[in-house]
Every structure is written in structure tokens, then in C-alpha cells.
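Visitor: Pasted the sequence and its predicted model underneath.
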Amino acid sequence: MTATPETLLHDDLLERVRERAAGYDRDNAFFADDLAELREAGYLTVLVPEEFGGLGWDFDDAVRAQMRLAGAAPATALAVNMHLVWTGVAKVLRDRGDDALEFLLREAGEGEIFGFGISEAGNDLMLFGSRTAAEPQDGGGYRYSGRKIFTSLSPAWTRLGTMGLDTASPDAPKIVYGFIDRDDPDVRILDDWDTIGMRATQSRTTVLDGAFAPPDRIVRRLDPGPNADPLIFGIFASFELLLAAVYAGIGARALDLAVAAAQRRTSMKHDGAALSQDPDIRWRIADAAIAQDALEPQLLAIARDLDGLVDHGSQWFAKLVGVKVRATETAKYVVDQSVRVAGGSAYFTGSELGRLYRDVLAGIFHPSDDESAHSTVANAWLGPLDS
């Protein structure tokens, strides 16, 4: 029988993951045991077709699974997400008749782990520009030189999907997307990850000093700037959707913790009654629940449209950035309300809610940020600004 999100990420596995999360956070340590157990369960292949050794899930299954995993350990879910994003991109392309990333699906099915080496300090163009140099080589390969930040899975990835700017070819400039190997001697990973939240991701800086991507690992050469190429759509779709699922899972867990706190805590003002009987606390939890309740249906609807090849035209990017912003901002709100319900105990470092409060802040830094998302949606509804 095919595994489902509920059977693969069963309660016993999730409880073990949850029990380890506080230690990883405290020690600023990589989630090595979680990763080993998830790999053993086949979780890194959920979006890989069965013919390549994967589970062949659709995106709606992956969304539900990432919500479950994030509820147990947000940093584990976020880091695993970056591998799932690349397998998701490959699935999006393959579903639309493009086999440019078929090698990625085969290698993921064989156990390779893919890192997401796209982000750069100071690059607010994201996919549409790059501070990294992509130098063309004889035979069609490229050497990449630059610094990539927030490279999750840094201690474990074996393949890195990256991009850089080619300014030397006759048809330059071009943004060049390719994949490099971890054992490349021109790859350096810095031990510089010491953040207030999402600590177990170990999303360290990756320095490329001429790292080589061979010709058969160069997957696109695109003009800088906004681009409707299927690869760009695939990255946007997979990244935004799966990222939103992680933060929706954080919100769901925070709400459960708030309910438990309201039932556990008592009030001297109300003769020792549980805070669950306090009208103000009830309103606060209800308001958080109303906000949280909107996320999963929207996430699943977009996931099913993605799997179903629904043509939303120019509205696709607006829908994708919209669900990301809604999920991250809603999760922040729900966690904040939950901390208020839980009271001062959430302010201690050992509190799960306190950790969620720190972890959820990372949502504002992932692309698309609030400003970029609003610009994308405005363009979709109103057209671009007059030049």
C-alpha cells in the first residue's frame, strides 16, 4: 500500500522528532538524527516518481506532510524543504513535458540530497539577477564564483543547485542555472550559522571559488529580469507552496499549545477556574483559530491546481506569492496570540512556544517578501507601472 503523509510521518516518528528539536535548538546543532530517520523512511523521495525509486506523491500530499513535520520540528521541516523544492521543480517540469531535471529525480531516488544555493546578500532581484559570476568553459560547462547565503542542509547536501551571471558569452548577459557536487574542491562551506531561530537548519554560507558544473548539469541560460520560463515557474511554485506549508504547520502546532495552556492554567480572579473559561482568552484563541483555519484549504487548492496543470495565466505568480505571505504572516499572528495565552512560561528558552516564536520570525526573510509580493499581485491585477 502506498504511504500517505499520515502513515509515513506516523505519530511515533513525529514524537521522536519533536523530542530532539529542543536539543538541536539549544546546541545550535544540525538535525542529523532526524535526517537519517526521514531518509530511511523514504521521505526525501516523496515527490520522485515511482519509476525512479520514489513514492510518487502529488503536491497536495507533500503539503500535508510538511505541515505535519513542521508541527513537530520547524527547523527540520524547513531544511528538508530545500531538497523537496528541487524535486518539486523537477516534477513541475516533467509534468509539463520538460525532462531537463530528470537526472535530478533519478539521483534523488538513488539517495542524493539537493541543496538550494540561490540566495545572495544584497540581491533583491532574486531569480532575475545574480552577484555570482558564471564563467563559460570549453565544452559547455560553467565555473561559478560567489557567495550563497541561507544554504540549508549545509552539513548534508551532496548536490547544489545554483545560478550565476554569464557576462562573457556572445549572447550575454545570461542567468545560468546549474548543479555542482559537494566534493568539488572549489566549494567552501563556512561555519557561520548562529541565529535566533531555525537553528537546526544549519543554513550556512556557501563560497564558490570557481566551482564547476559540467555541461549535462547546466539546465537553463535565461535573460536577466522577469521571465516566464517553466524553470522559473517551477522554482516559484515549489518554493512558495512548500514553504507556506511549513509555516502553516507552525501555526497549527502553536494553536494546539495555546489550547492546552488555556485548559491547564487557572485564574485567581475567577475562583481558580481554568483560563479556557475566560472570555478574553476564548476570544484570543478563537481569533487565532479563524486565521489558521483559512490556510490549509488554500494551500491544498493551489497544490491541486499545480498537479492538475491548471492555467491561471498571469495570476499564477500572484497566487503563489500570496499564499506564502498569508501563511508566514498568519503563522506569526497565531504564534503571537498563543504566547499571550500561555503567559510568562513561554518566555523561557526551554518552552516549545518560545522556540516557535523565534522560528516563525524566519518567515519574513524568505522570498517573496511582503513588498515584492504586493508588487507582484498589483502587476497581476493592474498591469505594470507606466514607464
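Guide: Looks like it came in fine.
Visitor: give me every residue that touches residue 125.
Guide: residue 224 (Cβ atoms under 8 Å, 6 or more residues apart in numbering). The way it works is simple: take the backbone N, C-alpha and C, and place the C-beta from them, glycine included.
Visitor: just use 30 as the starting number from now, easier for me
Guide: Happy to do that; since the first residue is 30 now, the last one works out to residue 154.
Visitor: and the gap between it and residue 53?
Guide: 33 Å (Cβ to Cβ, to the nearest Å).
Visitor: counting contacts, what elements does the helix or strand hosting residue 122 pack onto?
Guide: Element membership for residue 122 (DSSP states H and E) is helix 103-124. Using 3 or more Cβ pairs under 8 Å, 6 or more residues apart in numbering; DSSP states H and E, the elements in contact with helix 103-124 are helix 40-56, helix 61-70, helix 88-101, helix 131-138, strand 143-146, helix 259-293, helix 381-389.
Visitor: Run through the stretch 30-179 of the chain and note the low-pLDDT ranges.
Guide: 30 (pLDDT under 70).
Visitor: Check which residues of stretch 167-177 are buried.
Guide: For stretch 167-177, the neighbour count (16 or more other Cβ atoms under 10 Å) marks 170-173, 175-177 as buried.
Visitor: Repeat that for stretch 405-416.
Guide: Going by 16+ other Cβ under 10 Å, stretch 405-416 has these buried residues: 405-406, 409.
Visitor: Tell me which of these fall in helices.
Guide: Among these, DSSP state H puts 405-406, 409 in helices.
Visitor: need the helices for the stretch 230-379 of the chain, in chain order.
Guide: Ranges of helices in the stretch 230-379 of the chain, per DSSP state H, counting those that start in this stretch, are 259-293, 308-322, 324-336, 344-371.
Visitor: What lies in contact with the second one?
Guide: If you take Cβ under 8 Å, 6+ apart as the criterion, helix 308-322 is touched by 277, 280-281, 283-284, 287-288, 291, 304-305, 359, 362-363, 366-367, 369-370.
Visitor: what's the pLDDT at residue 272?
Guide: Here the pLDDT value assigned to residue 272 is 98.
Visitor: so where's the stretch 230-379 of the chain uncertain?
Guide: Using pLDDT under 70, nothing in the stretch 230-379 of the chain is flagged.
Visitor: switch to 90 and redo it
Guide: For the stretch 230-379 of the chain, the stretches with pLDDT under 90 are 255-257, 294-305, 342-343, 378.
Visitor: The residue nearest to the spatial centre of the chain and residue 32, how far apart?
Guide: In the chain, the residue lying closest to the centroid (Cα atoms, centre = their mean) is residue 272, at 3.5 Å. Separation of residue 272 from residue 32 (Cβ to Cβ) stands at 23 Å.
Visitor: repeat for residue 174
Guide: From residue 174 to residue 32 the distance is 42 Å (Cβ to Cβ).
Visitor: Domain ranges for the protein, per the record?
Guide: Domain assignment for the chain, taken from automatic domain parsing, gives 34-138, 143-251, 259-411.
Visitor: So residue 295 sits against residue 304, correct?
Guide: Yes: Residue 295 is in contact with residue 304 according to Cβ atoms under 8 Å; the separation is 6.8 Å.
Visitor: Counting neighbours, go ahead and name the busier of the two.
Guide: residue 304 (21 against 15; other Cβ atoms under 10 Å).
Visitor: got a list of what the more buried one touches?
Guide: Applying Cβ under 8 Å, 6+ apart, the residues near residue 304 are 290-292, 294-296, 310, 370.
Visitor: what about 10 Å?
Guide: Counting by Cβ atoms under 10 Å, 6 or more residues apart in numbering, residue 304 makes contact with 290-296, 310-311, 313-314, 370-372.
Visitor: Most neighbours out of those, which is it?
Guide: Top of these by neighbour count (other Cβ under 10 Å): residue 370, with 27 neighbours.
Visitor: Now for the closest residue to residue 33 other than its chain neighbours, how many residues are close by?
Guide: Distances taken as Cβ to Cβ, 6 or more residues apart in numbering put residue 90 closest to residue 33, at 7.0 Å, once the chain neighbours are dropped. A count of nearby residues for residue 90, using other Cβ under 10 Å, gives 22.
Visitor: Right, I'll call it a day here.
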